[in-house]
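J.: Next come a sequence and a model predicted from it.
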Amino acid sequence: MAKMIHSMIRVLDETRSVDFYSRAFGLAVADRVDFDTFTLIYMSNVETGFELELTVNKGRIAPYELGNAYGHLAVSVEEVAIERERLTKLGLHPGELVELNRDGKLFGLFFFISDPDGYKIEVLQRHGRFL
């Protein structure tokens, strides 16, 4: 059986991205592996064994084009409204809180936020399948 272990995104500025993911989601650098032409930064926290791999291609100065195939990363939190307020106070500009219902019942309560490279992250309240 396969086990999901990480998701990778390409970022332009290591310091800026590490700072964002640390402040926004409490991720810390678990490992940093430097190669001649790129650097891999693995970030995680105690909530899960899943990691976010940031890839920095050395010498790149132009922002990445995310295209129309990229969807989003997702994280879950205990109290999404409190988390949105915290991120707002940090100046990170989260989107509006959205309530999604199905068959008259709450399916998801969430908002989106973008990282410095424009990647969308969905922040969901822990509920139902989003524990």
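T.: Arrived safely, thanks for sending.
J.: ok, which stretches of this protein are strands?
T.: 6-10, 28-34, 38-45, 48-57, 73-77, 98-102, 105-114, 120-125 (DSSP state E).
J.: ranking the ones you listed by burial, who's on top?
T.: Stretch with highest mean neighbour count among the strands of the chain: strand 120-125 (a mean of 20; mean count of other CB atoms under 10 Å). Just so you know, the C-beta spots here come from the backbone N, C-alpha and C atoms, and that holds for glycine as well.
J.: quick one: which of the strands of the chain is nearest residue 16?
T.: Nearest of the strands of the chain to residue 16, taken as CB to CB: strand 48-57 at 10.4 Å.
J.: Direction included, what does that closest one pair up with?
T.: strand 6-10 (parallel), strand 38-45 (antiparallel) (DSSP bridges).
J.: Turn these into JSON lines, including mean pLDDT.
T.: Putting the strands paired with strand 48-57 into JSON lines (pLDDT from 0 to 100) gives the following:
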{"stretch": "strand 6-10", "mean pLDDT": "94"}
{"stretch": "strand 38-45", "mean pLDDT": "95"}
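J.: can I get those in a markdown table with distance to residue 76?
T.: Converted to a markdown table, the strands paired with strand 48-57 look like this (distance: least, CB to CB, whole Å):
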| stretch | distance to residue 76 |
| --- | --- |
| strand 6-10 | 15 |
| strand 38-45 | 12 |
